[in-house]
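Colleague: Would you be able to build a 3D model of this:
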Amino acid sequence: MSFSLRPNKTLFIRPKWSSSSSDPTPAATAPQGTSPGGQLALSRTNSDQISPLQKTGRTSSAPWITTATTPWAPAPWNPDDLAVRRFSKPAIATHTHALTEHIGSARRAYTKAFTAIHKSVAAKNINVSAVLASSTGEDVAEAALGLYDADASVDKSGASRFVDTLQHYHGVFDVLCQTDFSFLTLIWGGMKLILIMAKNRGDLLVKITDMLVDVGMALSRVEMLVKLYPTTRMVELTAKLYAAFLEFLEEVIALFQRSAVRQLFSSLVQPFEDKFGRVMDRIQRVEGWIQKDAMVLHAMQSASMAHHQLDSLLQRRHMEATLRGTPEGFVPDLLLKIKDTLFQGFESQADHHESLAATYGVTSSAWKPWFAEEQRHLPSNLAPKARLTHGLCDAPDFQHALQWKDQQKAQSPHVPSAYIIWTPDMTAHSAIASLIFQIIQQKPAVVSERNLDMRMFARANVSVTALWNLFVDLMKSHADGCLIYISIGSIGPDEFAVVEKFVRAVRAWDGPPVSVTIIHPFHEGFVADDAVIDIDGIYDVHPSLTTTDALQHVLMLELDLHDVPPTIRALLWDAVWRETRYAIIGVSFRQLTRAVQDVAAALARRRVEDGEMGEADEAAWLAGVGRWMDHKVASENVREQMQRHLDMIDLSLPEDARKSLGRHVKLLVFRIDADRVRALGTTTLTQRQRDGVWERMEVAMSEGPRAMFCGKVEETVADALDVFTEVPSRNPRQAATAVLKLLDERFGWEGSWKESILGDAELIVKSILEGIVMGFELVAEALLEDDEEGEEASG
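Modeller: Numbers count the residues shown, from 1 in each chain. As a prediction, this is how the structure comes out:
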């Protein structure tokens, strides 16, 4: 913990008075630099006052943490001890007001003495008022030093040196005068008297100048001491010192306001020691008292600071040990306060991850093989240096986030990790806040290690820049680095900003190794990255898993098995739409290839029967059609054309469709017996059941794609067959290559088939909805079937 000295802030810490204290000082009269109740606060670098040490226990250096009594860190002294109270009792307002008057009077008297000496030495008419006005803002010690330098040659004058010579030979003159008494004796005596008077006046001026230097220095020094230690005792001693200053300065002013002759005779009758000796002794004595009191207060302060530092260290160690020992799944009140502060204004998004984990956790085990496939292309484990893994996917699999979390727990349990599953109402602010809280929840000791307090979290809540800086600081706080996984299934300005921020941060990273994995759909709004990997072009999760999983989550939602906020409800419904929408691309492709295959076979058979081509040509033709269907580039060209054409279908579930499907699901769930509802929340589909559900869903969805993409397949294939029969091939391999080329020309990017695709989006929307309705019924039936089999087995 670091501390700073600032003006008007006391540096002394003392124990807070107990409720039984007889301290008569009201809190309201404490001067600036003291805290209510009589205790003196310690200034911190963050301008916050540290809580005073308690007589019967201790309080934390963090204002929102309280702990029990600390028997191993006793208070350094008893706050009720009379000796302690005598030194540390704060000054009341009347004392400080009197001291202020003394200080002002001393400053004015000092300036008058300054001008009086200047008049005497320089024999000039100096305007005292002008000097007072011009010296208001200056340090009086500097003025005294200037005066001292200006008059340093007074004791070096000719008269002074002549008197010193006479003093050296005064014995010889005394002998001469005694042996031969005459007027010489009177002459010598008078001359000696006059010169001694001049000498005394010069000595007096030098000593007064020296004294003014001491007074000027003491004015600022003592004023600072009383600001550092504004106790009653210190104020009283300081008032006495300034009163002595006034007495000395008034006598100096009175002396130099006399005529030169009177000053000479006064210096002869009363030398400096006789005239000012008593007041000088008084000044030195009181100043010594003040210095000794300051040493005592400094010793008390040092002991209190050492005690406070020890107490803070013990509290920090205790809190860190307590937080590290927090059971998994339990969130202490401290972290709940941090969470509430971070998500103030975003309360609806505070529990997103818990809700998603509870929902996805039921079926997440089925995603292990597909997550392993993703890791082959987008590795997200801990790397020895900063690494960004960037992937493109139109429908990211959110369940992979839970698989990723389990992987990190198994492989790198000591490294903090956090993930984002982007929800419809999520913003850049709430996304970063979620990452921060996940890291703190895993490594709660970082709150103490990084000296985080609630004001930092509150500032981060109102400033996205402060929020990001806090997140970066947390990522750098762990020597082993940090792991981040971000899965985004939508497009928008917040999504663009978050992806860009992370990409640039990893590129310029200079801290411990971090591994950041980002997956999002393709869109021009996302930051460009040459190393991005198109996951959709590498592999596809089978729709038997993606669709049935999403359907089961919505059924669980409507069965009210978990407390799910509205945002997560929207996300789960959108997942059903998004997965089915993406799956219909494959349905469309299979409908087209089946249509091409069926039409090609029918046309060839008809021509063989008509005698237009032979059996060998038919076999070569069908072999070429099969090769075209299996050709990766040709197939991808057709599939990508379909995918781009289906971009006209909205990524989000239309509101009217949501209402229609919602009514259907509610009635479906309503028919399920209440005693069987709870079992559905822990039941997962087998792969056989998933395959059966998907096969029937695909049949229900096939009509729309067939109407959109297969309207003129027969004409297109017939045209290719005409060309094939006109140009005979030399061998079957050459024939298959020719057929592949003919079909690729017609179904490729520049082919005639593309012009025949219908633009009616309702054809596909209707098929998607029919597939979803069928899927809900089949998934519910499969889950209940599994439940019934379990009951029969138990019976």
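
Colleague: low-confidence ranges in the protein?
Modeller: 1-213, 216, 249-275, 319-320, 322-331, 562, 677-681, 729-730, 786-795 (pLDDT under 70).

Colleague: Domain parsing of it, as residue ranges.
Modeller: With domains defined by automatic domain parsing, the chain comprises 93-302, 333-540, 549-794.

Colleague: and residue 313, which of these is closest to it?
Modeller: Set against residue 313 and scored by CB to CB, these come closest in domain 333-540, at 10.5 Å. For every residue, glycine as well, the C-beta is placed using N, CA and C.

Colleague: got the end-to-end distance for that closest one?
Modeller: The first and last residues of domain 333-540 sit 44 Å apart, counting by CA to CA, to the nearest Å.

Colleague: Tell me where the stretch 501-650 of the chain has helices.
Modeller: Listed in chain order, the helices of the stretch 501-650 of the chain (DSSP state H, counting those that start in this stretch) span 543-558, 566-610, 615-630, 632-645.

Colleague: want to try CSV for the ones you listed, with mean neighbour count and distance to residue 463 as columns?
Modeller: Formatted as CSV, those follow (neighbours: other CB atoms under 10 Å; distance: least, CB to CB, whole Å):
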stretch, mean neighbour count, distance to residue 463
helix 543-558, 24, 35
helix 566-610, 20, 24
helix 615-630, 18, 57
helix 632-645, 16, 41
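
Colleague: Out of the ones you listed, which is closest to residue 415?
Modeller: helix 566-610 (27.7 Å).

Colleague: re the thing from before, nearest to residue 334, of the helices of the stretch 501-650 of the chain?
Modeller: helix 566-610 (26.1 Å).

Colleague: circling back: want to throw the domains of the chain into a markdown table with distance to residue 314?
Modeller: Output for these, formatted as a markdown table (distance: least, CB to CB, whole Å):
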| stretch | distance to residue 314 |
| --- | --- |
| domain 93-302 | 19 |
| domain 333-540 | 12 |
| domain 549-794 | 40 |
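
Colleague: Any idea which of those domains gets closest to residue 312?
Modeller: Here domain 333-540 is closest among the domains of the chain (CB to CB), at 10.0 Å.

Colleague: on that earlier part again, now tabulate the helices of the stretch 501-650 of the chain in CSV and tack on distance to residue 493.
Modeller: As requested, the helices of the stretch 501-650 of the chain are exported to CSV (distance: least, CB to CB, whole Å):
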stretch, distance to residue 493
helix 543-558, 26
helix 566-610, 18
helix 615-630, 42
helix 632-645, 24
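
Colleague: Indicate which one of the ones you listed is closest to residue 514.
Modeller: Nearest to residue 514, of those and by CB to CB, is helix 566-610 at 27.0 Å.

Colleague: coming back round to it: so which of the helices of the stretch 501-650 of the chain is nearest residue 475?
Modeller: Nearest to residue 475 among the helices of the stretch 501-650 of the chain is helix 566-610 (26.2 Å), distances taken as CB to CB.

Colleague: Nearest approach to residue 473 belongs to which of the helices of the stretch 501-650 of the chain?
Modeller: helix 566-610 (28.3 Å).

Colleague: could you check the angle helix 615-630 makes with that closest one?
Modeller: 170 degrees (axes from the mean of the first three to the mean of the last three CA atoms, to 10 degrees).
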